[in-house]
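In: please work out how this folds:
(2 chains)
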Amino acid sequence: MEQATFLDTNELVLNMGPQHPSTHGVLRVILKLDGEKVLGTECVIGYLHRGVEKIAENRTYVQFAPYVDRMDYVAAVSNGLGYCLAIETLLAVEIPERAQAVRVILSELNRIASHLLWLGTHALDIGAITPVFYCFREREEVLKIFEKYCGARLTTHAFRIGGLLYETYDGFEKDCLTFCDWLEGKVDEYEELLTTNRIWLGRTKGVGILNAEDCKDYGVTGPVLRAAGVKWDIRKALPYSGYEKYDFDVPTAENGDTYDRYLVRIAEMRQSVRIIRQGVENLPSGPIKGKVAKVLKPPIGEAYTSIEAPKGELGYFVVSDGSTQPYRLRVRPPSFVNLQALDKMCRGSLVADVVAIIGTIDIVLGEVDR
Amino acid sequence: MAEESKPGAEKPAEPAAKPPPKPGGETPPKPAAKPPPKKKVPTVMEVSPWESPLVDSLRERFGDQIKEFSSYRDQSFLVAELSAVVPIIEFLKLEQDFDYLVDVTAVDYPKRENRFDLIWILYSFARNTRIRVKAQAGEGDSPATVTSAYQTANWLEREVFDMFGITFDGHPNMTRILLPDEWQGYPLRKEHSIIQQDEDWVRENLHIESAQ
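Out: Sure, this is the predicted structure:
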C-alpha cells in the first residue's frame, strides 16, 4: 500500500446505524466512502424481524388480522385492507358498497397520515425543524378520527374479513370533511415553507435520482416510481374496493429525484383529500359486512392480491389448504423492495445526501423486516 | 402430475358429508325444518384453463416445458419445469413486456417428492397484466437466479434462501438477509416449529425447561 500523505484520501468504511436517528428505525447501512463521496452501500436489515409469515401459519385467518397492522405501523389501515382483500379474494365474497366506501375513506386518511409523518421526518432529517411539528399536528387529527372510529390510533385493526366490524360514528362525515378543508390550507403552508425554499432545493434537487428504467428494474413502486414519470397506481391500474368510482389524478413528476418525490407526495395528499370528499358525500347506506362464515375456511387455492399502500405495492400471496389457518402467507412489502434501490441512488452522492435518500424512499423498518 | 401441483394435495381435505355433531342425543324439535346445508368442499384447487394470445406464444416457444396454464380467481399462472423458468422469464421480459418482477417466493410441501413450489410474480405495465410462474423444486435443487433479468430478484431470492434454504444458482450474494448469519435452520419450512425453537432457546440459555 502506498504511503498516504495528508492530502491523499483513502477509502473508508463507515457504519451508519442501526441506531442512527435518520434511519427511521433500526437500519444499518455500511457506507464505502472516498472522502465525502459514497462509493457504495450495503444495507443490513432484519433487526425487527418477527417472523410474521411464520406466525400466520400458526394462526387462523381472523386471528392473524391484527398482526398485519404491526408491519407498516404508520399505515396500519392500508395493511389491514390488503390483508382483508386477499382473504376475500380467496373466499370470493362480495363486500357491501358501504363497507367499501368506508374502507376507501379510512385508507386515504391513512395515506395522508403516512405522508405527513414522512414529510415531517424527512424534512427534519434534512435540517428543517419546523415542518415536523406542523405535520404531527395535522396527523393527530387523522388519528383522532381513527380513535373515534375503532378505538385505536396506530394499530387500528379497522377492517374485518368480509367488511367492517364497526358502523361509522355519529359525526364521522363531518369530521372527515372538516379535516379535508383544514388540511388543504395546511398543505399550502408546507409548500410555502419548502417548495421554493433555497436550502430545501439545494438539498433535494438532483439528489438520489432513480430513473424509470431503474425503478422497473428494481421493482420500485409507489411515489418513487411516479416521481420518475411512470403514471402507475394500482388504484387506477387494477382497481380494488371500488376505487374505479372515484375521480382523482395520479400525480407524477419527471426527474425522479428527491425533490420530485416530495412534490408527488404533496400532490397525493391533495388527491387523497379529493377521494375522501367524494367518499363522504356519496357514502351509501346499507349493510357493512358481507356474507362470511363464522369460521373462515377458504377453499383450497391461492391468490395474490395487492393494493396501493402509501409506500407502494403491498401484496399478499395466500395459499389455503382448506383449513382455518393459512397454509402459507407471503407479504410483498413495498418498503423492503424499495430499500434495495438505496445503493443505486446513493452511489456518487455525498454522505449527507444518504440521509436525505433514506428519507425519500419512505421506509418503515417494521415492514422491511416483518 | 397436475394433481401434485395443487396446494394441500397431500393433506386430506375435510370429509364433506360429515354433519356437525348435535348437542345431546334427544330428538331436536324440528330436525327436518333446517337440515344443515351440505356444501361440497373441493379437494383440489378448482382452476379454469387460461387462454390468451400470450399463452399461445408461450406454448409455441416452450412446448411441453410448460405443464399447465391455469387461472384461479381470475389470476393466471403457469406451471413450468424448473430448468425452463429462467428462459421463460427472460422471454416474458424481453419479448412480452413483463418488465416488473413483483415477487419471488416459495411454499413448502414437505410430503411431496419435490417439496417446494417456487413462485415468480410478474407484471407488465404495457399490458396491465399480472401473471405467476410456478415451478417445483426438490431438496437440494438450485434454481437459476433471475437477477440478470431483474435487479429486484437479488433481495427477494436472498429472502427465499433465508426462509427456505433454497440456493439460487449464479446469485451474486447468496447470504441470509433477515436472519442473523449464524442462524440454524430455515424457519418457513414446515418442520421448523416455533414452539421447539423456543424450548431449545430456553434450555440452552436459561438452563431450565420451557413452560410452553
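In: return the set of buried residues in stretch A:20-37.
Out: A:20, A:22-29, A:31, A:33 (16 or more other CB atoms under 10 Å in any protein chain shown). All C-beta spots, glycine's among them, are computed from the backbone N, C-alpha and C.
In: per-residue confidence at the spatially closest residue to A:Val132 that is not a sequence neighbour?
Out: By the measure of CB to CB, 6 or more residues apart in numbering or on different chains, the closest residue to A:Val132 outside its immediate chain neighbours is A:Gly120, 3.7 Å from it. Per-residue confidence at A:Gly120 stands at 90 (pLDDT).
In: separation between A:Gly120 and chain B?
Out: Here A:Gly120 is placed at a distance of 28 Å from chain B (CB to the nearest CB, to the nearest Å).
In: dump the buried residues of stretch A:20-37 to TSV, plus pLDDT, secondary structure and distance to chain B.
Out: Formatted as TSV, the buried residues of stretch A:20-37 follow (pLDDT from 0 to 100; DSSP: H, G, I helix; E, B strand; the rest coil; distance: CB to the nearest CB, whole Å):
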residue	pLDDT	secondary structure	distance to chain B
A:His20	73	coil	20
A:Ser22	71	helix	22
A:Thr23	68	helix	16
A:His24	74	coil	17
A:Gly25	76	coil	14
A:Val26	84	coil	12
A:Leu27	87	coil	13
A:Arg28	88	strand	12
A:Val29	88	strand	14
A:Leu31	89	strand	17
A:Leu33	86	strand	21
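In: just to revisit the earlier point, could you say which helix or strand contains the residue nearest to A:Val132?
Out: If you go by DSSP states H and E, A:Gly120 is part of helix A:97-126.
In: report the buried residues of stretch A:260-268.
Out: For stretch A:260-268, by 16+ other CB under 10 Å, it's A:260-268.
In: what about residue 163, how many neighbours?
Out: Unless you meant another one, I'm taking chain A. By other CB atoms under 10 Å in any protein chain shown, 23 other residues sit near A:Gly163.
In: sorry, should have said chain B
Out: 24.
In: please apply the same query to A:Phe336.
Out: A:Phe336 has 25 nearby residues by other CB under 10 Å.
In: which SS state does it fall under?
Out: helix (DSSP: H, G, I helix; E, B strand; the rest coil).
In: before we move on, what about A:Arg328?
Out: strand.
In: circling back: distance check, the residue nearest to A:Val132 against A:Arg226.
Out: 21 Å (CB to CB, to the nearest Å).
In: poorly predicted segments of chain B, please.
Out: B:1-40, B:212 (pLDDT under 70).
In: SS state for A:Leu314?
Out: Strictly by three-state DSSP, A:Leu314 counts as strand.
In: dump the residue contacts of the closest residue to A:Pro333 other than its chain neighbours.
Out: Closest residue to A:Pro333 apart from its sequence neighbours, by CB to CB, 6+ apart: A:Glu367 at 4.6 Å. The contact partners of A:Glu367, by CB atoms under 8 Å, 6 or more residues apart in numbering or on different chains, come to A:71-72, A:311, A:333-336.
In: again, 6 Å this time
Out: A:71-72, A:333, A:335 (CB atoms under 6 Å, 6 or more residues apart in numbering or on different chains).
In: name the member of those residues with the most neighbours.
Out: A:Asp72 (29 neighbours).
In: ok, that one touching A:Val364?
Out: Yes. Between A:Asp72 and A:Val364 there is a contact at 4.8 Å, judged by CB atoms under 6 Å.
In: next, count neighbours for A:Gly286.
Out: Neighbours of A:Gly286 (other CB under 10 Å): 9.
In: OK, contacts around the closest residue to it other than its chain neighbours?
Out: Excluding the flanking residues, the one nearest A:Gly286 by CB to CB, 6+ apart is A:Arg98, at 4.8 Å. Residues counted as contacts of A:Arg98 (CB under 6 Å, 6+ apart) are A:284, A:286, A:288.
In: in the stretch 1-150 of chain A, which spans are helices?
Out: A:52-57, A:61-68, A:76-91, A:97-126, A:130-150 (DSSP state H, counting those that start in this stretch).
In: what parts of the stretch 251-370 of chain A come near chain B?
Out: Within reach of chain B by CB under 6 Å from any CB of the partner chain, the stretch 251-370 of chain A has these residues: A:299-304, A:319, A:321-322, A:327-328, A:330, A:332, A:340.
In: mind putting those in CSV, pLDDT and distance to B:Phe125 included?
Out: As requested, these are exported to CSV (pLDDT from 0 to 100; distance: CB to CB, whole Å):
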residue, pLDDT, distance to B:Phe125
A:Pro299, 88, 32
A:Ile300, 89, 32
A:Gly301, 88, 27
A:Glu302, 90, 24
A:Ala303, 91, 22
A:Tyr304, 92, 17
A:Val319, 92, 27
A:Asp321, 88, 34
A:Gly322, 86, 35
A:Tyr327, 92, 31
A:Arg328, 91, 28
A:Arg330, 92, 22
A:Arg332, 92, 17
A:Gln340, 90, 19
